[in-house]
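>>> need a structure here:
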Amino acid sequence: MSKASNYINNVKSELAKVIFPVKSQIRTAYISVFIVVTVIALYLAMIDGAMSFTLSSVIK
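Numbers count the residues shown, from 1 in each chain. The predicted model follows:
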């Protein structure tokens, strides 16, 4: 039983050391991820459209 209580105490100690992000940091990270994902999605959509157009013109 002492192993379990020792483990829980160690977990509490480690959680006390964690620095959680503030709201502005979370917002900045969210906006950055949203922009990057949107840009990549648009790029892939353009590549897909170009390949689709090329293949459809070759097949005709």
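>>> who's in contact with stretch 28-43?
P21 (C-beta atoms under 8 Å, 6 or more residues apart in numbering). From N, CA and C alone the C-beta is placed, and that goes for glycine too.
>>> going forward can the numbers begin at 37, since that is how I track them
With 37 as the first residue, the last one maps to stretch 64-79.
>>> same question for that stretch, mean pLDDT?
In this model, stretch 64-79 has an average pLDDT of 99.
>>> gap between it and the chain center?
The chain centroid and the centroid of stretch 64-79 are separated by 9 Å under C-alpha atoms, centre = their mean, to the nearest Å.
>>> and the longest helix for the protein?
Longest helix in the chain by number of residues (criterion: DSSP state H): helix 59-95.
>>> which positions within that one qualify as buried?
Buried residues in helix 59-95, defined by neighbour count with 16 or more other C-beta atoms under 10 Å: none.
>>> tell me the gap between it and the middle of its chain.
15 Å.
>>> and what about P57, helix, strand or coil?
Following DSSP: H, G, I helix; E, B strand; the rest coil, the label given to P57 is coil.
>>> distance of the residue nearest to it when sequence neighbours are not counted from E50?
Leaving out its chain neighbours, the residue that sits closest to P57 by C-beta to C-beta, 6 or more residues apart in numbering is A65, at 7.5 Å. Distance, A65 to E50, using C-beta to C-beta, to the nearest Å: 23 Å.
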